[in-house]
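In: Fold the stuff below for me.
(chains A, B, C and D)
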2 protein chains.
Amino acid sequence: MFTTEKEYLKHYNVHDYDVPLVSVDIAIFTLLDGKLHILLVERGDFPEKGRWSLPGGFINQQQDKDLHATALRKLTEKTGVKTPHLEQVATIGNTKRDPRGWSVTALYMGLIPYAPTADFIETVADARWWPYEIAIKQNLAFDHIELVTQARERLRVKSGYTVLPVYVLNAPFTLTQLQQAFEELLGTEIEKKSFRRRIQAADLLEEVGEGLPEGGRGRIAALYRPKKGSEQHAFLRAFGGVED
Amino acid sequence: MFTTEKEYLKHYNVHDYDVPLVSVDIAIFTLLDGKLHILLVERGDFPEKGRWSLPGGFINQQQDKDLHATALRKLTEKTGVKTPHLEQVATIGNTKRDPRGWSVTALYMGLIPYAPTADFIETVADARWWPYEIAIKQNLAFDHIELVTQARERLRVKSGYTVLPVYVLNAPFTLTQLQQAFEELLGTEIEKKSFRRRIQAADLLEEVGEGLPEGGRGRIAALYRPKKGSEQHAFLRAFGGVED
DNA sequence: GCTTATTATTGGCGTATTGCCACTTAATTG
DNA sequence: CAATTAAGTGGCAATACGCCAATAATAAGC
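Out: Numbers count the residues shown, from 1 in each chain, chains lettered A, B, ... in the order given. You can find the predicted model right below:
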(Lines give C-alpha, C1' and ligand atoms only; values in the text may rest on other atoms or scores of the structure.)
Protein backbone atom coordinates (compact mmCIF):
# COMPACT_ATOMS: atom_id res chain seq x y z
CA MET A 1 0.00 0.00 0.00
CA PHE A 2 2.83 2.39 0.82
CA THR A 3 6.21 2.23 -0.78
CA THR A 4 8.10 4.56 1.51
CA GLU A 5 7.91 5.42 5.15
CA LYS A 6 7.39 9.06 4.21
CA GLU A 7 4.32 8.17 2.24
CA TYR A 8 3.02 6.14 5.12
CA LEU A 9 3.49 8.98 7.59
CA LYS A 10 1.64 11.39 5.33
CA HIS A 11 -1.29 9.03 5.20
CA TYR A 12 -1.19 8.43 8.92
CA ASN A 13 -1.64 12.12 9.61
CA VAL A 14 -4.96 12.20 7.84
CA HIS A 15 -6.15 8.93 9.26
CA ASP A 16 -9.76 8.55 10.23
CA TYR A 17 -10.00 8.81 14.04
CA ASP A 18 -13.51 7.48 14.45
CA VAL A 19 -12.53 3.87 14.93
CA PRO A 20 -11.65 2.85 18.46
CA LEU A 21 -7.90 2.50 18.58
CA VAL A 22 -8.03 -1.06 19.69
CA SER A 23 -6.48 -3.77 17.61
CA VAL A 24 -6.97 -7.49 17.78
CA ASP A 25 -4.09 -9.90 17.32
CA ILE A 26 -4.40 -13.65 17.09
CA ALA A 27 -1.92 -16.37 17.82
CA ILE A 28 -3.16 -19.27 15.72
CA PHE A 29 -1.64 -22.60 16.63
CA THR A 30 -1.80 -25.98 15.02
CA LEU A 31 0.04 -29.27 15.10
CA LEU A 32 2.04 -30.26 12.03
CA ASP A 33 4.25 -33.35 11.94
CA GLY A 34 3.80 -33.60 15.67
CA LYS A 35 5.22 -30.13 16.23
CA LEU A 36 3.49 -26.97 17.38
CA HIS A 37 3.24 -24.39 14.63
CA ILE A 38 2.07 -20.82 14.61
CA LEU A 39 0.68 -18.76 11.75
CA LEU A 40 2.53 -15.51 11.06
CA VAL A 41 1.99 -12.87 8.41
CA GLU A 42 4.55 -10.65 6.75
CA ARG A 43 3.77 -7.00 7.20
CA GLY A 44 3.26 -5.21 3.90
CA ASP A 45 3.17 -1.70 5.30
CA PHE A 46 5.00 0.61 7.59
CA PRO A 47 5.61 0.59 10.40
CA GLU A 48 7.66 -2.58 10.71
CA LYS A 49 7.27 -3.35 7.00
CA GLY A 50 8.69 -6.70 6.04
CA ARG A 51 8.70 -8.12 9.55
CA TRP A 52 6.69 -11.17 10.54
CA SER A 53 3.85 -10.58 12.94
CA LEU A 54 0.64 -12.02 14.30
CA PRO A 55 -2.38 -11.71 12.05
CA GLY A 56 -4.59 -8.97 13.34
CA GLY A 57 -6.02 -5.58 12.70
CA PHE A 58 -8.62 -3.12 13.71
CA ILE A 59 -12.24 -3.51 14.55
CA ASN A 60 -14.59 -3.07 11.64
CA GLN A 61 -17.46 -1.28 13.27
CA GLN A 62 -19.88 -2.20 10.51
CA GLN A 63 -19.01 -5.87 10.22
CA ASP A 64 -18.06 -6.89 13.74
CA LYS A 65 -20.68 -7.12 16.41
CA ASP A 66 -18.10 -7.78 19.10
CA LEU A 67 -14.40 -8.37 19.70
CA HIS A 68 -14.76 -12.09 19.27
CA ALA A 69 -16.23 -11.50 15.84
CA THR A 70 -13.27 -9.34 14.92
CA ALA A 71 -10.86 -12.07 15.95
CA LEU A 72 -12.88 -14.72 14.14
CA ARG A 73 -13.00 -12.61 10.98
CA LYS A 74 -9.22 -12.16 11.00
CA LEU A 75 -8.67 -15.83 11.60
CA THR A 76 -11.05 -16.88 8.87
CA GLU A 77 -9.47 -14.46 6.41
CA LYS A 78 -6.12 -16.09 6.95
CA THR A 79 -7.04 -19.72 7.37
CA GLY A 80 -10.52 -20.28 5.98
CA VAL A 81 -11.35 -22.28 9.08
CA LYS A 82 -14.84 -21.43 10.24
CA THR A 83 -15.15 -23.17 13.59
CA PRO A 84 -11.87 -23.04 15.43
CA HIS A 85 -11.33 -22.87 19.12
CA LEU A 86 -10.90 -19.19 19.80
CA GLU A 87 -10.39 -17.56 23.17
CA GLN A 88 -9.18 -14.29 24.54
CA VAL A 89 -5.83 -14.42 26.27
CA ALA A 90 -5.27 -10.90 27.52
CA THR A 91 -5.39 -7.30 26.52
CA ILE A 92 -2.13 -5.44 26.43
CA GLY A 93 -1.99 -1.67 26.47
CA ASN A 94 0.94 0.60 27.13
CA THR A 95 3.02 3.43 25.74
CA LYS A 96 5.91 1.35 24.52
CA ARG A 97 4.49 -1.37 22.33
CA ASP A 98 3.95 0.85 19.31
CA PRO A 99 6.23 3.72 18.26
CA ARG A 100 3.14 5.79 17.54
CA GLY A 101 2.28 5.95 21.23
CA TRP A 102 -0.41 4.53 23.51
CA SER A 103 -1.67 1.37 21.94
CA VAL A 104 -4.03 -1.37 23.02
CA THR A 105 -4.47 -4.81 21.59
CA ALA A 106 -6.73 -7.68 22.50
CA LEU A 107 -4.78 -10.90 22.14
CA TYR A 108 -6.62 -14.03 21.14
CA MET A 109 -5.48 -17.60 20.84
CA GLY A 110 -6.88 -19.78 18.08
CA LEU A 111 -6.47 -23.52 17.74
CA ILE A 112 -7.19 -25.31 14.49
CA PRO A 113 -6.48 -28.74 13.07
CA TYR A 114 -3.90 -28.60 10.33
CA ALA A 115 -5.35 -28.85 6.85
CA PRO A 116 -2.94 -31.17 4.99
CA THR A 117 -3.79 -29.77 1.57
CA ALA A 118 -3.52 -26.26 2.95
CA ASP A 119 -6.03 -24.85 0.50
CA PHE A 120 -6.37 -21.65 2.38
CA ILE A 121 -2.69 -20.85 2.53
CA GLU A 122 -2.79 -20.25 -1.22
CA THR A 123 -5.27 -17.48 -0.74
CA VAL A 124 -3.06 -15.36 1.44
CA ALA A 125 0.39 -14.91 0.01
CA ASP A 126 1.73 -13.26 3.14
CA ALA A 127 0.79 -15.96 5.66
CA ARG A 128 2.91 -18.90 6.66
CA TRP A 129 3.04 -21.62 9.27
CA TRP A 130 6.20 -21.51 11.35
CA PRO A 131 7.41 -24.14 13.74
CA TYR A 132 6.93 -22.45 17.10
CA GLU A 133 10.55 -22.71 18.18
CA ILE A 134 11.73 -21.09 14.99
CA ALA A 135 9.04 -18.43 15.04
CA ILE A 136 10.13 -17.08 18.39
CA LYS A 137 13.67 -16.67 17.15
CA GLN A 138 12.50 -14.35 14.41
CA ASN A 139 12.68 -10.63 14.93
CA LEU A 140 8.93 -10.15 15.15
CA ALA A 141 7.19 -6.81 14.67
CA PHE A 142 6.26 -4.58 17.61
CA ASP A 143 5.94 -6.52 20.87
CA HIS A 144 4.61 -9.58 19.12
CA ILE A 145 7.25 -11.81 20.60
CA GLU A 146 5.68 -11.12 23.99
CA LEU A 147 2.18 -11.71 22.68
CA VAL A 148 3.26 -15.01 21.15
CA THR A 149 4.91 -16.02 24.40
CA GLN A 150 1.82 -15.14 26.43
CA ALA A 151 -0.45 -17.11 24.15
CA ARG A 152 1.93 -20.06 24.23
CA GLU A 153 1.99 -19.97 27.99
CA ARG A 154 -1.79 -19.92 28.18
CA LEU A 155 -1.89 -22.87 25.85
CA ARG A 156 0.62 -24.78 27.94
CA VAL A 157 -1.03 -24.13 31.29
CA LYS A 158 -4.55 -24.75 30.12
CA SER A 159 -3.53 -27.98 28.42
CA GLY A 160 -2.81 -29.21 31.93
CA TYR A 161 -6.40 -29.18 33.07
CA THR A 162 -8.62 -29.03 29.97
CA VAL A 163 -8.94 -30.88 26.68
CA LEU A 164 -7.65 -27.95 24.64
CA PRO A 165 -5.19 -30.10 22.65
CA VAL A 166 -8.21 -31.74 21.05
CA TYR A 167 -8.61 -28.67 18.87
CA VAL A 168 -5.32 -29.02 17.03
CA LEU A 169 -6.30 -32.49 15.87
CA ASN A 170 -8.48 -33.56 13.02
CA ALA A 171 -11.22 -35.77 14.39
CA PRO A 172 -11.46 -38.65 14.65
CA PHE A 173 -8.18 -39.35 16.38
CA THR A 174 -6.68 -42.09 18.52
CA LEU A 175 -5.81 -41.71 22.17
CA THR A 176 -2.15 -42.01 21.27
CA GLN A 177 -2.41 -39.13 18.83
CA LEU A 178 -4.19 -37.13 21.50
CA GLN A 179 -1.53 -37.97 24.04
CA GLN A 180 1.19 -36.83 21.66
CA ALA A 181 -0.68 -33.57 21.13
CA PHE A 182 -0.91 -33.10 24.89
CA GLU A 183 2.78 -33.81 25.27
CA GLU A 184 3.76 -31.33 22.60
CA LEU A 185 1.50 -28.62 23.93
CA LEU A 186 2.45 -29.27 27.55
CA GLY A 187 6.12 -29.69 26.86
CA THR A 188 6.33 -32.78 29.06
CA GLU A 189 5.87 -36.49 28.66
CA ILE A 190 2.84 -38.18 30.14
CA GLU A 191 2.63 -41.72 31.38
CA LYS A 192 0.35 -43.67 29.06
CA LYS A 193 -1.90 -45.33 31.58
CA SER A 194 -2.34 -42.21 33.66
CA PHE A 195 -3.25 -40.23 30.59
CA ARG A 196 -5.85 -42.67 29.40
CA ARG A 197 -7.38 -43.05 32.84
CA ARG A 198 -7.78 -39.33 33.23
CA ILE A 199 -9.09 -38.65 29.78
CA GLN A 200 -11.61 -41.42 30.06
CA ALA A 201 -12.66 -40.45 33.56
CA ALA A 202 -13.30 -36.94 32.25
CA ASP A 203 -15.81 -38.41 29.80
CA LEU A 204 -15.29 -35.65 27.25
CA LEU A 205 -14.73 -37.85 24.21
CA GLU A 206 -17.00 -40.19 22.34
CA GLU A 207 -15.87 -43.25 20.46
CA VAL A 208 -16.63 -43.25 16.75
CA GLY A 209 -15.37 -46.58 15.56
CA GLU A 210 -11.85 -47.84 15.15
CA GLY A 211 -9.08 -47.72 12.62
CA LEU A 212 -5.48 -46.94 11.99
CA PRO A 213 -4.07 -43.46 11.81
CA GLU A 214 -2.84 -42.44 8.35
CA GLY A 215 -0.03 -44.80 7.31
CA GLY A 216 0.05 -46.37 10.73
CA ARG A 217 1.08 -49.82 11.74
CA GLY A 218 0.29 -52.10 14.61
CA ARG A 219 -2.96 -52.87 16.31
CA ILE A 220 -5.99 -50.86 15.25
CA ALA A 221 -7.01 -48.19 17.71
CA ALA A 222 -10.29 -46.82 18.91
CA LEU A 223 -11.13 -43.47 17.32
CA TYR A 224 -12.59 -40.57 19.24
CA ARG A 225 -13.95 -37.12 18.76
CA PRO A 226 -14.81 -34.46 21.32
CA LYS A 227 -18.33 -34.64 22.70
CA LYS A 228 -20.55 -31.69 21.96
CA GLY A 229 -20.48 -29.15 24.74
CA SER A 230 -17.23 -30.38 26.21
CA GLU A 231 -15.40 -27.25 25.14
CA GLN A 232 -14.14 -25.58 28.25
CA HIS A 233 -14.46 -28.42 30.70
CA ALA A 234 -11.68 -28.91 33.12
CA PHE A 235 -10.91 -32.47 34.07
CA LEU A 236 -8.77 -31.93 37.10
CA ARG A 237 -10.31 -32.18 40.50
CA ALA A 238 -10.38 -29.11 42.69
CA PHE A 239 -11.66 -28.88 46.24
CA GLY A 240 -14.79 -30.78 46.98
CA GLY A 241 -14.34 -33.58 44.51
CA VAL A 242 -16.18 -33.95 41.26
CA GLU A 243 -18.77 -31.37 40.33
CA ASP A 244 -22.03 -32.15 38.64
CA MET B 1 -8.96 29.07 28.63
CA PHE B 2 -5.50 28.18 27.39
CA THR B 3 -2.57 30.48 27.91
CA THR B 4 -0.15 28.95 25.44
CA GLU B 5 -0.46 27.20 22.14
CA LYS B 6 1.35 24.29 23.62
CA GLU B 7 -1.28 23.91 26.29
CA TYR B 8 -4.01 24.07 23.72
CA LEU B 9 -2.44 21.49 21.52
CA LYS B 10 -2.02 19.17 24.43
CA HIS B 11 -5.69 19.51 25.28
CA TYR B 12 -6.69 19.04 21.71
CA ASN B 13 -4.73 15.88 21.42
CA VAL B 14 -6.13 14.29 24.49
CA HIS B 15 -9.75 14.82 23.78
CA ASP B 16 -10.22 14.66 20.09
CA TYR B 17 -7.58 12.49 18.67
CA ASP B 18 -5.17 10.37 20.57
CA VAL B 19 -7.31 8.79 23.25
CA PRO B 20 -7.89 5.12 22.65
CA LEU B 21 -11.57 4.58 23.25
CA VAL B 22 -10.95 1.94 25.84
CA SER B 23 -12.21 2.12 29.36
CA VAL B 24 -11.12 0.14 32.36
CA ASP B 25 -13.59 -1.21 34.88
CA ILE B 26 -12.70 -2.90 38.14
CA ALA B 27 -14.61 -5.36 40.25
CA ILE B 28 -13.13 -4.87 43.70
CA PHE B 29 -13.96 -7.61 46.14
CA THR B 30 -13.41 -7.98 49.84
CA LEU B 31 -14.67 -10.06 52.72
CA LEU B 32 -16.79 -8.36 55.38
CA ASP B 33 -18.46 -10.25 58.20
CA GLY B 34 -17.59 -13.44 56.39
CA LYS B 35 -19.47 -12.38 53.29
CA LEU B 36 -18.19 -11.41 49.86
CA HIS B 37 -18.66 -7.72 49.15
CA ILE B 38 -18.10 -5.66 46.05
CA LEU B 39 -17.39 -1.95 45.74
CA LEU B 40 -19.80 -0.01 43.54
CA VAL B 41 -19.99 3.66 42.68
CA GLU B 42 -23.03 5.76 41.93
CA ARG B 43 -22.84 7.42 38.53
CA GLY B 44 -23.01 11.21 38.74
CA ASP B 45 -23.38 11.85 35.02
CA PHE B 46 -25.42 10.80 32.07
CA PRO B 47 -25.68 8.29 30.62
CA GLU B 48 -27.07 6.04 33.33
CA LYS B 49 -26.94 8.84 35.91
CA GLY B 50 -27.82 7.66 39.39
CA ARG B 51 -27.24 3.99 38.68
CA TRP B 52 -24.66 1.94 40.53
CA SER B 53 -21.71 0.72 38.48
CA LEU B 54 -18.19 -0.60 38.71
CA PRO B 55 -15.50 1.98 39.37
CA GLY B 56 -13.66 2.68 36.19
CA GLY B 57 -12.83 5.23 33.57
CA PHE B 58 -10.57 6.08 30.74
CA ILE B 59 -6.86 5.77 30.30
CA ASN B 60 -4.91 8.84 31.29
CA GLN B 61 -2.17 8.86 28.70
CA GLN B 62 0.06 11.11 30.74
CA GLN B 63 -0.24 9.28 34.05
CA ASP B 64 -0.68 5.67 33.05
CA LYS B 65 2.17 3.76 31.55
CA ASP B 66 0.00 0.74 30.89
CA LEU B 67 -3.49 -0.70 31.39
CA HIS B 68 -2.56 -2.19 34.73
CA ALA B 69 -1.54 1.26 35.93
CA THR B 70 -4.90 2.64 34.87
CA ALA B 71 -6.70 -0.04 36.83
CA LEU B 72 -4.48 0.46 39.85
CA ARG B 73 -5.02 4.22 39.75
CA LYS B 74 -8.79 3.79 39.70
CA LEU B 75 -8.68 1.29 42.50
CA THR B 76 -6.43 3.47 44.64
CA GLU B 77 -8.62 6.51 44.05
CA LYS B 78 -11.61 4.66 45.44
CA THR B 79 -10.06 2.59 48.19
CA GLY B 80 -6.70 4.07 49.10
CA VAL B 81 -5.25 0.57 49.06
CA LYS B 82 -1.85 0.63 47.42
CA THR B 83 -0.93 -3.01 47.09
CA PRO B 84 -3.97 -5.05 46.28
CA HIS B 85 -4.16 -8.16 44.21
CA LEU B 86 -5.11 -6.92 40.79
CA GLU B 87 -5.54 -8.99 37.66
CA GLN B 88 -7.14 -8.67 34.28
CA VAL B 89 -10.23 -10.76 33.76
CA ALA B 90 -11.25 -10.09 30.18
CA THR B 91 -11.86 -7.37 27.67
CA ILE B 92 -15.39 -6.89 26.46
CA GLY B 93 -16.15 -4.97 23.30
CA ASN B 94 -19.34 -4.84 21.30
CA THR B 95 -21.99 -2.60 19.85
CA LYS B 96 -24.59 -3.15 22.51
CA ARG B 97 -22.95 -2.48 25.83
CA ASP B 98 -23.10 1.30 25.53
CA PRO B 99 -25.95 3.21 23.89
CA ARG B 100 -23.36 5.47 22.29
CA GLY B 101 -22.12 2.63 20.07
CA TRP B 102 -19.03 0.44 19.81
CA SER B 103 -17.40 0.34 23.18
CA VAL B 104 -14.53 -1.58 24.68
CA THR B 105 -13.66 -2.11 28.31
CA ALA B 106 -10.87 -3.96 30.02
CA LEU B 107 -12.27 -5.66 33.09
CA TYR B 108 -10.03 -6.11 36.11
CA MET B 109 -10.59 -7.91 39.36
CA GLY B 110 -9.13 -6.46 42.54
CA LEU B 111 -8.96 -8.17 45.91
CA ILE B 112 -8.31 -6.23 49.10
CA PRO B 113 -8.59 -6.92 52.80
CA TYR B 114 -11.44 -5.03 54.36
CA ALA B 115 -10.35 -1.97 56.30
CA PRO B 116 -12.52 -2.09 59.41
CA THR B 117 -12.35 1.64 60.02
CA ALA B 118 -12.98 2.25 56.34
CA ASP B 119 -11.02 5.48 56.26
CA PHE B 120 -10.98 5.61 52.54
CA ILE B 121 -14.69 5.24 52.07
CA GLU B 122 -15.11 8.70 53.59
CA THR B 123 -13.02 10.18 50.81
CA VAL B 124 -15.35 9.09 48.04
CA ALA B 125 -18.94 9.95 48.73
CA ASP B 126 -20.21 7.92 45.78
CA ALA B 127 -18.59 4.60 46.64
CA ARG B 128 -20.07 1.86 48.76
CA TRP B 129 -19.48 -1.77 49.65
CA TRP B 130 -22.38 -4.01 48.72
CA PRO B 131 -22.89 -7.59 49.77
CA TYR B 132 -22.34 -9.45 46.51
CA GLU B 133 -25.73 -11.15 46.47
CA ILE B 134 -27.50 -7.85 46.91
CA ALA B 135 -25.29 -6.04 44.41
CA ILE B 136 -26.25 -8.34 41.59
CA LYS B 137 -29.91 -7.71 42.19
CA GLN B 138 -29.44 -3.99 41.65
CA ASN B 139 -30.17 -2.55 38.26
CA LEU B 140 -26.56 -1.80 37.41
CA ALA B 141 -25.47 0.64 34.71
CA PHE B 142 -24.62 -0.51 31.18
CA ASP B 143 -23.66 -4.18 31.03
CA HIS B 144 -22.01 -4.08 34.43
CA ILE B 145 -24.08 -6.96 35.74
CA GLU B 146 -22.31 -9.15 33.21
CA LEU B 147 -18.91 -7.75 34.09
CA VAL B 148 -19.55 -8.37 37.77
CA THR B 149 -20.67 -11.90 37.03
CA GLN B 150 -17.59 -12.61 34.94
CA ALA B 151 -15.26 -11.31 37.62
CA ARG B 152 -17.09 -13.33 40.27
CA GLU B 153 -16.77 -16.45 38.19
CA ARG B 154 -13.05 -15.91 37.70
CA LEU B 155 -12.70 -15.45 41.44
CA ARG B 156 -14.63 -18.63 42.13
CA VAL B 157 -12.77 -20.82 39.68
CA LYS B 158 -9.32 -19.53 40.52
CA SER B 159 -9.96 -19.95 44.22
CA GLY B 160 -10.09 -23.65 43.46
CA TYR B 161 -6.45 -23.95 42.53
CA THR B 162 -4.63 -20.89 43.88
CA VAL B 163 -4.38 -19.00 47.16
CA LEU B 164 -6.36 -16.02 45.89
CA PRO B 165 -8.62 -15.88 48.96
CA VAL B 166 -5.55 -14.84 50.93
CA TYR B 167 -5.89 -11.37 49.47
CA VAL B 168 -9.26 -10.60 51.01
CA LEU B 169 -7.87 -11.22 54.49
CA ASN B 170 -5.86 -8.97 56.73
CA ALA B 171 -2.65 -10.76 57.64
CA PRO B 172 -1.94 -12.42 59.90
CA PHE B 173 -4.85 -14.81 59.83
CA THR B 174 -5.64 -18.27 61.15
CA LEU B 175 -6.14 -21.30 58.97
CA THR B 176 -9.77 -21.37 60.00
CA GLN B 177 -10.26 -17.80 58.84
CA LEU B 178 -8.56 -18.70 55.59
CA GLN B 179 -10.74 -21.74 55.17
CA GLN B 180 -13.87 -19.65 55.70
CA ALA B 181 -12.62 -17.20 53.08
CA PHE B 182 -12.07 -20.08 50.66
CA GLU B 183 -15.52 -21.44 51.37
CA GLU B 184 -17.19 -18.08 50.79
CA LEU B 185 -15.27 -17.41 47.59
CA LEU B 186 -15.70 -20.95 46.29
CA GLY B 187 -19.30 -21.25 47.33
CA THR B 188 -18.75 -24.72 48.78
CA GLU B 189 -17.73 -26.20 52.08
CA ILE B 190 -14.32 -27.74 52.49
CA GLU B 191 -13.38 -30.55 54.81
CA LYS B 192 -11.05 -29.17 57.47
CA LYS B 193 -8.30 -31.75 57.36
CA SER B 194 -8.17 -31.84 53.56
CA PHE B 195 -7.95 -28.07 53.46
CA ARG B 196 -5.12 -27.88 55.95
CA ARG B 197 -3.16 -30.66 54.29
CA ARG B 198 -3.36 -29.02 50.91
CA ILE B 199 -2.58 -25.53 52.07
CA GLN B 200 0.37 -26.74 54.04
CA ALA B 201 1.63 -28.99 51.26
CA ALA B 202 1.54 -25.98 48.94
CA ASP B 203 3.97 -24.21 51.28
CA LEU B 204 2.72 -20.75 50.34
CA LEU B 205 2.18 -19.42 53.88
CA GLU B 206 4.59 -18.64 56.65
CA GLU B 207 3.78 -18.82 60.33
CA VAL B 208 4.10 -15.57 62.23
CA GLY B 209 3.30 -16.53 65.80
CA GLU B 210 0.02 -17.46 67.35
CA GLY B 211 -2.99 -15.79 68.85
CA LEU B 212 -6.73 -15.52 68.79
CA PRO B 213 -8.69 -13.80 66.06
CA GLU B 214 -10.44 -10.62 67.17
CA GLY B 215 -12.90 -11.48 69.92
CA GLY B 216 -12.31 -15.18 69.39
CA ARG B 217 -12.69 -17.98 71.87
CA GLY B 218 -11.27 -21.41 72.20
CA ARG B 219 -7.75 -22.63 71.70
CA ILE B 220 -5.24 -20.15 70.34
CA ALA B 221 -4.37 -20.66 66.70
CA ALA B 222 -1.24 -20.37 64.63
CA LEU B 223 -1.17 -17.17 62.58
CA TYR B 224 -0.01 -17.04 58.99
CA ARG B 225 0.70 -14.62 56.22
CA PRO B 226 1.40 -15.27 52.55
CA LYS B 227 5.01 -15.86 51.69
CA LYS B 228 6.62 -13.33 49.40
CA GLY B 229 6.47 -14.38 45.78
CA SER B 230 3.66 -16.85 46.30
CA GLU B 231 1.22 -14.69 44.37
CA GLN B 232 0.03 -16.69 41.42
CA HIS B 233 1.06 -20.16 42.51
CA ALA B 234 -1.33 -22.93 41.83
CA PHE B 235 -1.37 -25.70 44.38
CA LEU B 236 -3.24 -28.37 42.52
CA ARG B 237 -1.33 -31.06 40.73
CA ALA B 238 -1.60 -31.28 36.95
CA PHE B 239 -0.13 -33.95 34.73
CA GLY B 240 3.35 -35.09 35.55
CA GLY B 241 3.19 -34.67 39.28
CA VAL B 242 4.81 -31.89 41.26
CA GLU B 243 6.93 -29.38 39.41
CA ASP B 244 10.14 -27.97 40.71
C1' DG C 1 1.75 -69.05 5.99
C1' DC C 2 4.77 -67.84 9.61
C1' DT C 3 7.79 -64.95 12.22
C1' DT C 4 8.98 -60.39 13.66
C1' DA C 5 8.12 -55.66 14.51
C1' DT C 6 4.93 -52.26 15.88
C1' DT C 7 1.29 -50.21 18.22
C1' DA C 8 -3.05 -50.45 21.31
C1' DT C 9 -5.03 -51.74 25.42
C1' DT C 10 -5.35 -53.67 29.93
C1' DG C 11 -3.79 -55.60 34.57
C1' DG C 12 -1.71 -55.11 38.78
C1' DC C 13 0.47 -53.15 42.56
C1' DG C 14 2.92 -49.77 45.51
C1' DT C 15 2.49 -44.99 46.76
C1' DA C 16 0.32 -40.46 47.28
C1' DT C 17 -3.79 -37.81 47.98
C1' DT C 18 -8.41 -37.16 49.57
C1' DG C 19 -12.72 -37.62 52.35
C1' DC C 20 -14.36 -38.59 56.67
C1' DC C 21 -14.80 -38.37 61.46
C1' DA C 22 -13.44 -38.91 65.98
C1' DC C 23 -10.13 -37.61 69.37
C1' DT C 24 -6.97 -34.59 71.90
C1' DT C 25 -5.41 -29.96 73.22
C1' DA C 26 -5.96 -25.33 74.87
C1' DA C 27 -8.23 -21.42 75.43
C1' DT C 28 -12.69 -18.60 77.35
C1' DT C 29 -16.93 -18.24 80.10
C1' DG C 30 -19.72 -18.35 84.07
C1' DC D 1 -13.79 -26.06 88.11
C1' DA D 2 -17.07 -27.68 84.77
C1' DA D 3 -18.96 -26.44 80.33
C1' DT D 4 -18.19 -24.50 75.96
C1' DT D 5 -15.66 -23.27 72.02
C1' DA D 6 -12.30 -23.72 68.67
C1' DA D 7 -7.54 -25.56 66.99
C1' DG D 8 -5.07 -29.16 65.60
C1' DT D 9 -4.06 -34.35 64.90
C1' DG D 10 -4.64 -39.48 64.13
C1' DG D 11 -6.12 -43.00 61.50
C1' DC D 12 -8.26 -45.48 57.95
C1' DA D 13 -10.86 -46.46 53.75
C1' DA D 14 -11.43 -44.94 49.07
C1' DT D 15 -9.55 -42.91 45.21
C1' DA D 16 -6.01 -41.42 41.99
C1' DC D 17 -1.45 -41.75 40.18
C1' DG D 18 3.24 -43.65 38.60
C1' DC D 19 5.28 -47.49 36.92
C1' DC D 20 5.92 -51.40 34.21
C1' DA D 21 4.82 -55.66 32.34
C1' DA D 22 1.52 -58.68 29.91
C1' DT D 23 -1.62 -59.38 26.27
C1' DA D 24 -3.97 -58.27 21.73
C1' DA D 25 -4.17 -57.06 16.99
C1' DT D 26 -2.31 -55.39 13.09
C1' DA D 27 1.51 -54.71 9.16
C1' DA D 28 5.89 -56.11 7.03
C1' DG D 29 9.35 -59.28 5.64
C1' DC D 30 10.58 -63.79 4.23
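
In: C-alpha from now on. contacts and neighbour counts both.
Out: Fine.

In: Near chain B, which residues of chain A? Just list them.
Out: A:17, A:20-22, A:61, A:64-67, A:88-95, A:102-104, A:106, A:160-161, A:188-191, A:236, A:238-240 (CA under 8 Å from any CA of the partner chain).

In: Out of these, list just those in helices.
Out: residue A:67 (DSSP state H).

In: Please pick the buried ones from the residues of chain A next to chain B.
Out: Buried by 16 or more other CA atoms under 10 Å in any protein chain shown: A:20-22, A:61, A:64-67, A:88-95, A:102-104, A:106, A:160-161, A:190, A:236, A:238-239, out of the residues of chain A next to chain B.

In: Output the set of residues of chain A in proximity to DNA strand C.
Out: Within chain A, the positions adjacent to DNA strand C are A:174-177, A:192-193, A:196, A:216-223, A:239-241 by CA under 7 Å from any atom of the strand.

In: Neighbours of residue A:36, how many?
Out: By other CA atoms under 10 Å in any protein chain shown, the residues close to residue A:36 number 19.

In: which helices and strands does the top helix by length along chain A pack with?
Out: Criterion DSSP H: the longest helix present in chain A is helix A:144-158. In terms of contacts (3 or more CA pairs under 8 Å, 6 or more residues apart in numbering or on different chains; DSSP states H and E), helix A:144-158 is packed against strand A:22-32, strand A:85-94, strand A:103-111, helix A:175-186.

In: mean confidence for it?
Out: Average pLDDT, helix A:144-158: 96.

In: now the angle between helix A:175-186 and that helix, please.
Out: On the basis of axes from the mean of the first three to the mean of the last three CA atoms, to 10 degrees, helix A:144-158 is oriented at 130 degrees to helix A:175-186.

In: So in chain A, where's the weakest helix or strand by average pLDDT?
Out: Lowest mean confidence among the helices and strands of chain A (mean pLDDT, DSSP states H and E): helix A:5-13, at a mean of 49.

In: Return the set of buried residues in stretch A:220-233.
Out: Going by neighbour count (16+ other CA under 10 Å), the buried part of stretch A:220-233 is A:222, A:223, A:224, A:225, A:226.

In: where are the low-confidence patches of chain A?
Out: Along chain A, the parts satisfying pLDDT under 70 run over A:1-20, A:116-125, A:213-215, A:230, A:232, A:240-244.

In: for DNA strand D, what are the nearby residues on it?
Out: So far as CA under 7 Å from any atom of the strand goes, chain A lies against DNA strand D at A:191-195, A:197-198, A:216-220, A:236.

In: Parallel or antiparallel, list what pairs with the helix or strand hosting residue A:128.
Out: Element membership of residue A:128, judged by DSSP states H and E, is strand A:127-131. In the sheet, strand A:127-131 lines up against strand A:35-42 (antiparallel) (DSSP bridges).

In: to the chain's geometric centre, what's the distance from the strand it pairs with?
Out: Using CA atoms, centre = their mean, to the nearest Å, the mean C-alpha position of strand A:35-42 is found 9 Å from that of the whole chain.

In: immediately after that strand, which helix or strand?
Out: Strand A:35-42 is succeeded, C-terminally, by strand A:52-53 (DSSP H and E).

In: contact partners of that next one?
Out: The contact list for strand A:52-53 (CA atoms under 8 Å, 6 or more residues apart in numbering or on different chains) reads A:40, A:41, A:42, A:43, A:138, A:139, A:140, A:141, A:142, A:144.

In: Since that was my last question, I'll sign off now.
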